[in-house]
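Okay, structure incoming, though there's no sequence with it:
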């Protein structure tokens, strides 16, 4: 009888790993990784010089290409025939890839230690040009890397406003002020190596004023061109089209009349003391309207009142964006035209306004060009500070200037004509600047109320003092400022107004600021309405504007939802107060935005991250509140 198990297949033996084979494959993979790594060094260096988006997509693209090749029938049959050998090859390549990847990661992590420190150069320009110039500097830095390392680092900062620019160059970029009855100097910012001026004549004017030793001897280079425009919403542009098909073909005076009288629009521009583009534009408006000089005061006051409280082109665009948001909620359209450089319209529509995200979402702006509005020819001016000459540094400054001349700012912005700001024209512009401070701006008797409650100590004290110091050039020789404190001795107690600094001249602002710093901020909040009633007693019989600096807690004591009514009543009854301008520190909102029941002007703004700018706006805005 046969054994029933004799025909059974032998039982499978457990798999025994081939140690020798594994070691052999590992050694082959390591050797292949080393060879592949050496071979790939030049390709890795080439990979590092590629733009970031190519570095991200190149490996993905190679993987997709390999996967696509496997769908070819011939290649698939080849793969099936030699699957074992291909798998071994892929294993070797995987090992090489891991080794190379690890080397790349190590190289990236230690790149800063391997790269020498780049040479740093500093540029300054008007606020509205910072975004475009920064884009150009980033492109230049990328193109001029050496072995993947940055060879130069360019930073872009905001140049001082026109009223400070001459002093900045003359005083080695120092801001001179009075602090605690002692002279004090601080830098506006790091001293620039080059300046992108709004026009060639602007730099020429400074040189003609005796600043030749502070500026390089190389001729200025034009690095961009633009033109001032009147920017308005699409709806307002269509409405203007009903009156004139092409406004640029009509006299500017007629265009102005149509906009302001027929359409009921206002023209807004930044303060000319703090914006060269606005200063040039103001000159264009005065001459384009054929205004005699005795009409300048009224015309300038109208421009200030309609200017949305903006001191730069960028802040004007931000304020207009807020206005457009409010108008959209009311299903209306702003009846405001902005006098700004043409490229700023593109920045607004594309959401590129520095420090003001989301512009252009509520409405788009249309640029209305006119041949009587000036062309801005942006000039690259090399700055050489005495005692800081370096041949290598100057060579880099010159090289970037040449590069920027070939990579112009605002290349796609159309220019209607070649009417540039010549030196004679800018001389008239600068004369207008002097007139603005000394003649066109009415004499200002400003009363500054500082919230001296405990809650205002941290947000208000130092910011308010520093902002006040920095604004002495915003005040003319005839202006005077007084500083008061507002608080209550007990919770919900009666308001007290105490004197901090008597009426002082602009050159004494440093001392006034020091007195604010030394004032105790340890009392309770008091209602601003009660403070207005007390202000102006005794010899203060002439109505004057009031600027209130607070952390916003004062509004909590004004009767809750009736706060606007209470403040309006107090403002109307205060015979010595011509208007109230509130600057809120430490918060991003004003509890009382508008007043009803009084014809006196009222405005409330937040200081945001720039207290100096907020005080500048306040000073120039309240000049008309007499």
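Yes, it's here. Quantities reported herein were computed from a predicted structural model and do not represent experimental measurements.

any chance you could map the strands in the stretch 501-626 of the chain?
For the stretch 501-626 of the chain, the strands defined by DSSP state E, counting those that start in this stretch occupy 544-550, 577-584, 602-606.

Tell me which of the ones you listed approaches residue 529 most closely.
strand 577-584 (9.8 Å; C-beta to C-beta). Placement of C-beta: from N, CA and C, glycine included.

circling back to that earlier point, save the strands of the stretch 501-626 of the chain as CSV, and put in mean neighbour count too.
Below are the strands of the stretch 501-626 of the chain laid out as CSV (neighbours: other C-beta atoms under 10 Å):
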stretch, mean neighbour count
strand 544-550, 25
strand 577-584, 24
strand 602-606, 18
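
Tell me which of those strands lies nearest to residue 614.
Once those are compared by C-beta to C-beta, strand 577-584 is nearest, at 5.2 Å.

what residues does that closest one touch?
447, 528, 532, 535-536, 543-552, 567, 571, 590, 592, 600-607, 611, 614-615, 618, 621-622, 625-626 (C-beta atoms under 8 Å, 6 or more residues apart in numbering).

One more: stretch 292-303?
By C-beta under 8 Å, 6+ apart, stretch 292-303 touches 267-269, 282, 285-286, 289, 291, 435-436, 439-442, 624.

ok, now with 10 Å
Outside stretch 292-303, the residues within contact range by C-beta atoms under 10 Å, 6 or more residues apart in numbering are 260, 266-272, 278, 281-282, 285-286, 289, 291, 339, 432, 435-436, 439-442, 623-624, 626.

Apply the buried test to the residues you listed and list what passes.
Neighbour counting over these (16 or more other C-beta atoms under 10 Å) leaves 260, 266-272, 278, 281-282, 285-286, 289, 339, 432, 436, 440-441, 623-624 as the buried ones.

Now do the same for residue 481: helix, strand or coil?
For residue 481, the secondary-structure state derived from DSSP: H, G, I helix; E, B strand; the rest coil is strand.

Which residues are in contact with the nearest residue to it once chain neighbours are set aside?
Sequence neighbours aside, residue 446 is the residue nearest to residue 481 in space, at 4.8 Å (criterion: C-beta to C-beta, 6 or more residues apart in numbering). Each residue near residue 446 by C-beta under 10 Å, 6+ apart is listed here: 475, 479-483, 503, 544-547, 581, 618-619, 622-623, 625.

do residue 121 as well
137, 152, 153, 154, 155, 192, 193, 194, 393, 396, 397, 400.

Read off the pLDDT value for the residue nearest the centre of the chain.
Computing the C-alpha centroid of the chain and ranking residues by C-alpha atoms, centre = their mean puts residue 354 first, at 3.6 Å. Listed pLDDT for residue 354 reads 85.

how much space between it and residue 305?
26 Å (C-beta to C-beta, to the nearest Å).

Over to residue 520?
38 Å.

Likewise for residue 153?
Taken as C-beta to C-beta, the span from residue 153 to residue 305 is 44 Å.

same question, residue 394
47 Å.

cool, and residue 120?
44 Å.

what about these two, which has more around it?
residue 305 (16 against 13; other C-beta atoms under 10 Å).

so the more buried one touches residue 271, yeah?
No. Using C-beta atoms under 10 Å as the test, residue 305 is too far from residue 271 to be in contact (12.0 Å).

Now list whatever residues contact both of these two.
Common neighbours of residue 305 and residue 271 (C-beta under 10 Å, 6+ apart) are residue 621.

Tell me the secondary structure at the residue nearest to the centre of the chain.
coil.

Backbone dihedrals for it, please?
phi -60, psi 120 (degrees, to the nearest 10).

and the spatially closest residue to residue 528 that is not a sequence neighbour, what does it touch?
Leaving aside its sequence neighbours, residue 528 sits nearest to residue 554 (C-beta to C-beta, 6+ apart; 4.8 Å). Applying C-beta under 10 Å, 6+ apart, one finds that residue 554 lies in contact with 449, 451, 453, 455-456, 486-487, 495, 525-531, 548, 563, 567, 582, 584, 591-592.

which of the residues you listed are buried?
Applying 16+ other C-beta under 10 Å to these flags 449, 451, 453, 455-456, 486-487, 495, 525-531, 548, 563, 567, 582, 584, 591-592 as buried.

Sort out for me which of those residues are in helices.
Judged by DSSP state H, helices contain the following of these: 528, 529, 530, 531, 563, 567.

quick one: which two of the residues you listed are the most distant?
Every pair of those checked by C-beta to C-beta; the farthest is 531 and 563, at 13.9 Å.

thinking again about what came up before, mind checking pLDDT for the residue nearest to residue 481?
So, for residue 446, pLDDT stands at 86.

Backbone dihedrals for it, please?
Main-chain dihedrals, residue 446, degrees, to the nearest 10: phi -90, psi 130.

measure it to residue 575 for me?
Taking C-beta to C-beta, one finds residue 446 at 17 Å from residue 575.

now swap in residue 296 and tell me
Distance from residue 296 to residue 575, by C-beta to C-beta: 31 Å.

Same drill for the two, tell me which one is more crowded.
Legend: neighbour count by other C-beta under 10 Å for residue 296 and residue 575, higher for residue 296 (17 against 10).

What helix or strand is the more buried one located in?
Using DSSP states H and E, residue 296 maps to helix 296-305.

which other helices and strands contact whichever helix or strand comes after that helix?
Sequence order places helix 313-329 as the next helix or strand after helix 296-305, per DSSP H and E. Secondary-structure packing of helix 313-329 (3 or more C-beta pairs under 10 Å, 6 or more residues apart in numbering; DSSP states H and E): strand 221-233, strand 266-268, helix 276-288, strand 336-341, helix 342-350, strand 365-368, helix 611-621.

right, and the ones you listed - which one's nearest residue 463?
Relative to residue 463, the nearest member of the helices and strands packed on helix 313-329 by C-beta to C-beta is helix 611-621, separated by 4.2 Å.

Could I get the pLDDT score of the nearest residue to residue 603 once chain neighbours are set aside?
Using C-beta to C-beta, 6+ apart and skipping the chain neighbours, the partner closest in space to residue 603 is residue 581 (5.1 Å). Confidence at residue 581, expressed as pLDDT, is 93.

can you start the count at 56 instead of 1 from here on
From this message on, residue numbering opens at 56, which makes the last subject residue 636.

for the stretch 406-555 of the chain, what spans make up the helices?
446-461, 478-490, 512-524 (DSSP state H, counting those that start in this stretch).

got a markdown table for those helices, with mean pLDDT too?
Listed next are the helices of the stretch 406-555 of the chain as a markdown table, based on pLDDT from 0 to 100:
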| stretch | mean pLDDT |
| --- | --- |
| helix 446-461 | 90 |
| helix 478-490 | 70 |
| helix 512-524 | 86 |
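
Highest mean neighbour count out of those?
helix 512-524 (a mean of 20; mean count of other C-beta atoms under 10 Å).

Give me the helices and strands touching that helix, please.
Counting by 3+ C-beta pairs under 10 Å, 6+ apart, helix 512-524 packs on strand 229-234, strand 237-242, strand 500-506, strand 535-543, helix 564-573, strand 599-605, strand 632-639, helix 666-676.
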